[in-house]
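[1] Sequence and computational prediction follow.
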Amino acid sequence: MTTAREFNFDGLVGPSHNYAGLSFGNVASFNNVKSVSNPKQAALQGLEKMRVLASRSFAQALLPPHHRPNFRLLRNIGFGGSDAEVIARAHKEAPAILACAYSASPMWTANACTVSPCADTADARTHFTVANLNNKLHRSYEHVQTGRTLRAVFGDEAHFVVHEALPSTPAFGDEGAANHTRLCANHGAPGVEMFVYGRVEFDPNAPAPRRFPARQTLEASQAVARLHGLDGRRTVYAQQAPETIDCGVFHNDVIAVGSGNVLFYHQNAFLDEKSVLDQLRQALAATGTSLQPVRVDAAEVSLADAVSSYLFNSQLLSRPDGKMALVVPQECRENQAVARYLQGLVASGGPIDELISFDLRQSMRNGGGPACLRLRVVLTEAEAVAMHQGVIMTDALHARLVAWVEKHYRDRLAPDDLADPALADEIHATLDELTTILGLPGLYEFQR
Ligand SMILES: N=C(N)NCCC[C@H](NC(=O)CCC(=O)O)C(=O)O
């Protein structure tokens, strides 16, 4: 059996991080609309998480931010002239769309793509399908730069395949790894891939949420599994409980997280909990391991507390000693019910015996916790060598990036600041320098 490690690729927060209330169905994004953000602090909080986890010998890398504002979007909808004129007109006539063009949402790399490691795929290469994110305007263009970035980092076609995003239409709503969980005996062994969806386009009788949108469809999940050449015996489709979506659980990673053979989830996560567990058990048995469910009852942690603390938007990291650490946002320590639950969890003698918490408040205020900020990519040793090395987190890279953030990022961004043409110029220069730091020349369209 091949040995493999799980790399976490965190999204480096971009210089235009702001609160524009763009994500209907994401409670935090809506509640913080038009508040003042601090992009510098946001980026430093994210870098600190990367530094600490790398220092603990967890394999850590990053994906760079996207260029903002997204002039392609603004020009596509009729704003013309010089860049400064485009911004001025958009600000006057469609400020909400200018905010979309400025969103730093690519920081949540759990939504960048879905990844199937080589142990699971028919051609024994690692497959990526870029997510179309078509449910929200501000995220619907991300696939263009995400595809380019993934090809720059995982360009070696002997090992990697990067698929284009699925057709950008509601039938194929795809939000990437946030709705995908891989369970296995160990990272290098063949695994079970679970796809969680919120609605079915071509079954009018299938249950669906009423209040908030379901962003992921079954049809999209099936298409990704097909593209990746997954084995049907080790692929599970599970429907998210529609009521949880209506309570603000806009991605499955807000209510469940799995790693190794452990599935940590809330009682209300799935439409049919028993069937999901049965399918996982059966599929995992064929890989020589058994499922370890860690179920959180609503009586212990209510759905509302789970959503506000982001308990399940945590990272489950396997340590060499076989136990797991749970990486949670600081909000979990501040919520009494959740803090009490977590104390019991680590003392229970179960698979999770350590908590690591981070202050990620800037991202959390837009509905992005530790798990949203990272994309998991399981890589064999050969693959880890074949990928671009400049994005791997080291002390030296961390120090360079902190200095770069300190030099370029603003510590305050209010909604009207997006109209300032100097902001666009700043971001241009900032990202140009970043590509030198990361050794990724020509990463952005403006550099070609
Ligand atoms: N759960 C995962 N994996 N990702 C969280 C993504 C948060 C993101 N928020 C935003 O896009 C808010 C942007 C704003 O309102 O300015 C979203 O809703 O898509």
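    Received the coordinates, thanks. All values derive from a computational prediction rather than experimental measurement.

[2] Disregarding flanking residues, what is the spatial nearest neighbour of the spatially most central residue of the chain?
    Taking Cα atoms, centre = their mean, the centroid of the chain lies closest to A110, which sits 1.5 Å from it. Using Cβ to Cβ, 6 or more residues apart in numbering and skipping the chain neighbours, the partner closest in space to A110 is A178 (4.4 Å). Backbone N, C-alpha and C define where each C-beta goes, glycine included.

[3] what's the pLDDT at the one you found?
    Confidence at A178, expressed as pLDDT, is 98.

[4] helix/strand/coil for the residue sitting furthest away from the middle of the chain?
    Farthest-out residue of the chain from its mean C-alpha position, per Cα atoms, centre = their mean: G81, at 34.8 Å. Following DSSP: H, G, I helix; E, B strand; the rest coil, G81 is assigned to coil.

[5] Spell out which parts of the chain neighbour the ligand.
    Listed as neighbours of the ligand in the chain under the rule Cβ under 6 Å from any ligand atom: 19-23, 26, 29, 103, 105, 108, 110-111, 139, 178, 250-251, 253-254, 366-368, 372.

[6] Out of these, name the ones that lie in helices.
    S29 (DSSP state H).

[7] circling back: isn't the residue farthest from the centre of the chain right up against R75?
    No: if you go by Cβ atoms under 8 Å, G81 and R75 don't touch, sitting 9.5 Å apart.

[8] I'd like the mean pLDDT over stretch 252-261, please.
    On average, stretch 252-261 scores 98.

[9] got the buried residues for stretch 110-122?
    Neighbour-count burial for stretch 110-122 flags 110-121 (criterion: 16 or more other Cβ atoms under 10 Å).

[10] wait, I meant stretch 207-221
    Applying 16+ other Cβ under 10 Å to stretch 207-221 flags 207-209, 212-221 as buried.

[11] That stretch: end-to-end distance?
    17 Å (Cα to Cα, to the nearest Å).

[12] so who does the residue of the stretch 251-400 of the chain found nearest the ligand touch?
    Closest contact between the stretch 251-400 of the chain and the ligand, by Cβ to the nearest ligand atom, is at C372 (3.3 Å). For C372, the contact set (Cβ atoms under 8 Å, 6 or more residues apart in numbering) comprises 108, 110-111, 178, 251, 253, 313, 363.

[13] One more pass at 6 Å, please.
    108, 110 (Cβ atoms under 6 Å, 6 or more residues apart in numbering).

[14] Now it: phi and psi?
    Dihedral angles of C372 (phi, psi; degrees, to the nearest 10) stand at phi -70, psi -30.

[15] and what of the one 4 residues further on?
    Its backbone dihedrals place R376 at phi -90, psi 130, with angles given as degrees, to the nearest 10.

[16] what bridges to it?
    Beta-bridge pairing for R376 (DSSP bridges): N8.

[17] For V162, see how far away it is.
    16 Å (Cβ to Cβ, to the nearest Å).

[18] SS state for H66?
    coil.
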